[in-house]
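just the structure for this:
(one chain, ligands or ions: 1)
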Amino acid sequence: MVELKDLLTGGQVQRVTRWSEDVLHQPTAPIDVFDERLHSLIQNMFATMAAADGVGLAATQVDQSLSLFVFACPDDDNHLQVGAVINPTVILPEGNKRHLVSEDEGCLSLPGAYAPLARPDQAICRGLDHNGEPIEIIGTGLLARCLQHETDHLSGMVFGDRLSGRSRRHLYADHDALAYRYPDDWPISPKRDFDPSRHA
Ligand code: NI
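Next up, the predicted model:
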């Protein structure tokens, strides 16, 4: 058995894929082998998420079409929850327990842009941990949104797919305005603070 804490360090930062690249828009394959290769992928994903200053990262965002995401995200009590989930499914509240909250959402694969999106304020995520053991994460606050966003990624959906056409156009305009800050291999190359051509 490998401990989660041993996967939080030692990874190599990978390039984050961008919306419109095929890997982000197709369903992923389930994982059934829990070996060193998987653990090394998880390490790389934690390193990449930290370098990109994200709260969640799907395997498709490091160009692997596999059903896996990592997260390091605060819940409603501002308690940081950290983990890796393999082959996840999300269960959302129904009936009078279902409350939608609209908050700004962003994605490391469309860096710099945010749009309000209504989602249920709670989500339970079930799947397997890095050793293949069943886990359940109860998500509230930002973590509820993160669990839904990352599980969407693994079915080939990005949050822009959930927006109206008008809202999506605003989102792309915001991204285009800030795209110069993100080199193509970001976060291997760091974010630029300003556009040299505009400040020459
Ligand atoms: Ni995303």
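
quick one: contacts of the longest helix along the chain?
The residue-count maximum for a helix in the chain (DSSP state H) belongs to helix 36-51. Helix 36-51 is contacted from outside by 2, 7-14, 16, 31, 55-57, 59, 61-62, 64, 66, 68-70, 72, 84, 108, 130, 187-188, using CB atoms under 8 Å, 6 or more residues apart in numbering. To be clear about C-beta, it is placed using only N, CA and C from the backbone, and glycine gets the same treatment.

which ChimeraX command selects the buried ones in those residues?
To isolate the buried members of the contacts of helix 36-51 in ChimeraX, using 16 or more other CB atoms under 10 Å:
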select :7,8,11,13,14,16,31,55,56,57,59,61,62,64,66,68,69,70,72,84,108,130,187
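
what residues does the most centrally placed residue in the chain make contact with?
Closest residue to the average C-alpha location of the chain: Leu57 at 3.2 Å, with CA atoms, centre = their mean. Neighbour list for Leu57: Val16, Met45, Thr48, Met49, Phe69, Val70, Phe71, Leu108, Glu150 [criterion: CB under 8 Å, 6+ apart].

again with Pro134
Residues near Pro134 by CB under 8 Å, 6+ apart: Arg126, Gly127, Leu128.

let's have those residues in JSON lines, adding secondary structure.
Shown next, in JSON lines, are the contacts of Pro134 (DSSP: H, G, I helix; E, B strand; the rest coil):
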{"residue": "Arg126", "secondary structure": "strand"}
{"residue": "Gly127", "secondary structure": "strand"}
{"residue": "Leu128", "secondary structure": "strand"}
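
please identify the helix or strand for the nearest residue to Ser102 once chain neighbours are set aside.
Once flanking residues are discounted, Ser102 sits nearest to Ala118: 4.3 Å by CB to CB, 6 or more residues apart in numbering. Using DSSP states H and E, Ala118 sits in strand 114-120.

can you mark which positions in that strand are buried?
In strand 114-120, counting by 16+ other CB under 10 Å, buried: Tyr114, Ala115, Leu117, Arg119, Pro120.

these two touch, right, Pro27 and Gly156?
Yes - between Pro27 and Gly156 there is a contact at 4.7 Å, judged by CB atoms under 8 Å.

neighbour count for these two, which is higher?
More crowded of Pro27 and Gly156, by other CB atoms under 10 Å: Gly156, with 16 against 12.

that older thread, my guess is the residue nearest to Ser102 meets Asp104, correct?
No - applying CB under 8 Å as the test, Ala118 and Asp104 come out as separate, 11.5 Å apart.

strand partners of the longest strand along the chain, parallel vs antiparallel please.
Criterion DSSP state E: the longest strand present in the chain is strand 80-91. Paired strands of strand 80-91, with direction, are strand 68-74 (antiparallel), strand 122-128 (antiparallel) (DSSP bridges).

of those strands, which is nearest Leu171?
Smallest distance to Leu171 across the strands paired with strand 80-91 (CB to CB): 21.2 Å, for strand 68-74.

which outside residues touch that closest one?
Strand 68-74 is contacted by residues 28, 31, 38, 41-42, 45-46, 49-50, 55-59, 80-88, 141-143, 146-147, 150-151, 153-154 when judged by CB under 8 Å, 6+ apart.
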